[in-house]
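Chemist: Predicted model and sequence below, questions to follow.
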Amino acid sequence: MKPLEVYNLHKQYQQGKQSIQAISGLSLSINAGEILAFLGANGAGKTTSIKIIAGLIQPDTGWVKIAGCNPHTNPQALRMLGTVMEGSRNLYWRLTAEENLEYFGVLKGINSSKARKQALRLLDQFGLMHKRKAPVKTLSRGMQQKLSIAVALVHKPKLLLLDEPTLGLDMEASESVKALVRQIASEGCAILLTTHQLDIAEEISDRVAIIQKGQIITEEPTKEIIKRFSGSSYIIKVEGELDLLQITKIETLGAIVESEQERIIYTGTKEGLYKVLAALEPLAILQVNQDKANLTQVFLKLLKQHSYV
Ligand SMILES: Nc1ncnc2c1ncn2[C@@H]1O[C@H](COP(=O)(O)OP(=O)(O)OP(=O)(O)O)[C@@H](O)[C@H]1O
């Protein structure tokens with residue numbers, strides 16, 4: 001049974017006389033231990049989808065199952081769900097870090113002695129033990145964010161909805177939250193990550209789903225999508241100067257010599273690349289790098305392609 005299955009969701013909002021189709025036929029699923037980055041431009045339909053998954057709003061048609069339970073018909077589903085939404089922290093500011101964890105644990109249906117044990121385990125795992133007795137309002141933003149995630153995990157959910165986990169955090173806090181997110185996934189929790197920080201999504205997600213105008217336009221493993229969009233250009237650096245004959249030879253093969261940057265660019269097949277490298281002999285080849293796309297480029301290209309469809 002998958003931690004999350006979403007099938008054919010549709011949702012329309014009514015605004016006066018105008019109807020807005022926020023979601024049209026959205027389906028996706030996440031396996032245990034997997035991080036799915038759910039990406040889309042402003043207004044694409046991410047929040048609406050997440051609110052439906054969290055049982056907060058009803059879809060017009062379609063269904064959601066969290067570990068086999070539908071959150072719209074079976075409240076048990078919410079026991080298997082943890083949510084960290086940006087902007088609305090799931091914490092009580094006057095309570096201490098430990099009290100927050102215990103309180104939310106009990107609220108999610110675990111008994112108080114288990115909640116206490118879980119609280120201590122999470123405080124330790126999240127590096128917050130020294131702030132155990134500190135009221136939340138006195139914690140730094142990074143610590144509050146870590147505690148928010150810990151609180152969402154206190155009842156050991158199968159699925160974690162994580163919205164903008166590193167927004168506004170400094171480098172160190174951001175690194176630590178990223179490592180924790182990966183660790184949580186490696187312990188078996190499925191994570192639905194929404195973020196506009198595409199470098200973070202690229203770094204920590206296993207799979208990417210891109211939504212545009214309420215529809216998924218792409219869903220594939222992060223590494224594969226990057227590979228698919230990475231160019232067939234190679235950047236070659238050699239030791240020493242090229243002579244005129246070599247320059248003519250490699251230019252005939254389609255390479256471009258960028259003398260100022262002391263590099264050669266070749267766009268083409270691997271076989272073509274080998275011919276260029278052979279033409280450079282006897283100079284020593286210092287490096288050959290393939291031009292690699294990043295998720296931001298992929299995302300922008302896909303949105304552009306699909307806006308003409
Ligand atoms: N309560 C509402 N009433 C009317 N329209 C709404 C409502 N909530 C969202 N919408 C509209 O539905 C569409 C999808 O919005 P949604 O908030 O789901 O997008 P989003 O991808 O989360 O955007 P963002 O990245 O800006 O948060 C938008 O056109 C939005 O204006």
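Modeler: Looks like it came in fine. Numbers count the residues shown, from 1 in each chain.
Chemist: Now do the buried residues in stretch 200-212.
Modeler: By neighbour count on 16 or more other CB atoms under 10 Å, the buried set for stretch 200-212 is 200-202, 204-212. Glycine gets a C-beta too; all of them are placed from N, C-alpha and C.
Chemist: Please work out the average pLDDT along stretch 42-55.
Modeler: Average pLDDT, stretch 42-55: 95.
Chemist: no no, stretch 295-309
Modeler: Per-region confidence: stretch 295-309 scores 83 on mean pLDDT.
Chemist: go on, stretch 107-115?
Modeler: So the average pLDDT for stretch 107-115 ends up being 92.
Chemist: What is the end-to-end distance of that stretch?
Modeler: 10 Å (CA to CA, to the nearest Å).
Chemist: Return the set of buried residues in it.
Modeler: In stretch 107-115, counting by 16+ other CB under 10 Å, buried: 108, 110, 115.
Chemist: Can you work out which other helices and strands pack against the top helix by length along the chain?
Modeler: For the chain, the longest helix by residue count, based on DSSP state H, is helix 171-186. Contact partners of helix 171-186 among helices and strands, from 3 or more CB pairs under 8 Å, 6 or more residues apart in numbering; DSSP states H and E: strand 35-39, helix 141-153, strand 190-194, helix 198-204.
Chemist: Cys69 is nearest to which of those?
Modeler: Closest approach to Cys69 among those is made by strand 190-194 (14.0 Å; CB to CB).
Chemist: Average pLDDT for the helix or strand harbouring Val6, rounded please.
Modeler: Using DSSP states H and E, Val6 maps to strand 4-15. Averaged across strand 4-15, pLDDT comes to 96.
Chemist: Kindly report the residues of this structure close to the ligand.
Modeler: Contact residues (CB under 6 Å from any ligand atom) of the chain with the ligand: 13, 15, 20, 22, 40, 42-48.
Chemist: Give me the subset of the residues you listed that lies in strands.
Modeler: 13, 15, 20, 22 (DSSP state E).
Chemist: top of those by neighbour count?
Modeler: Ala22 (25 neighbours; other CB atoms under 10 Å).
Chemist: To what extent is Gly231 buried, counted in neighbours?
Modeler: Residues near Gly231, counting by other CB under 10 Å: 11.
Chemist: next one: Leu139
Modeler: Counted with other CB under 10 Å, residues neighbouring Leu139 total 19.
Chemist: residue contacts, it?
Modeler: Residues in contact with Leu139 (CB atoms under 8 Å, 6 or more residues apart in numbering) are 97, 131, 147.
Chemist: Among these, which one has the most neighbours?
Modeler: Neighbour counts for the contacts of Leu139, by other CB under 10 Å, peak at Ala97, which reaches 29 neighbours.
Chemist: Does that one touch Ala134 like I think?
Modeler: Yes: contact status for Ala97 versus Ala134: in contact at 6.1 Å, counting by CB atoms under 8 Å.
Chemist: about what we covered before: among the ones in strands among the residues of the chain next to the ligand, which two are most distant?
Modeler: Farthest-apart pair in these is Gln15 and Ala22; separation 10.7 Å (CB to CB).
Chemist: nearest residue to Gln290 other than its sequence neighbours?
Modeler: Nearest non-adjacent residue to Gln290, counting by CB to CB, 6 or more residues apart in numbering: Tyr234, 5.8 Å away.
Chemist: Does that neighbour lie in a helix or a strand, and which?
Modeler: Going by DSSP H and E, Tyr234 is part of strand 233-238.
Chemist: those strands in the stretch 51-200 of the chain, which residues are they?
Modeler: 61-66, 81-84, 159-163, 190-194 (DSSP state E, counting those that start in this stretch).
Chemist: about what we covered before: of all the contacts of Leu139, which comes closest to Met80?
Modeler: Proximity of the contacts of Leu139 to Met80 (CB to CB) peaks at Leu147, which lies at 21.2 Å.
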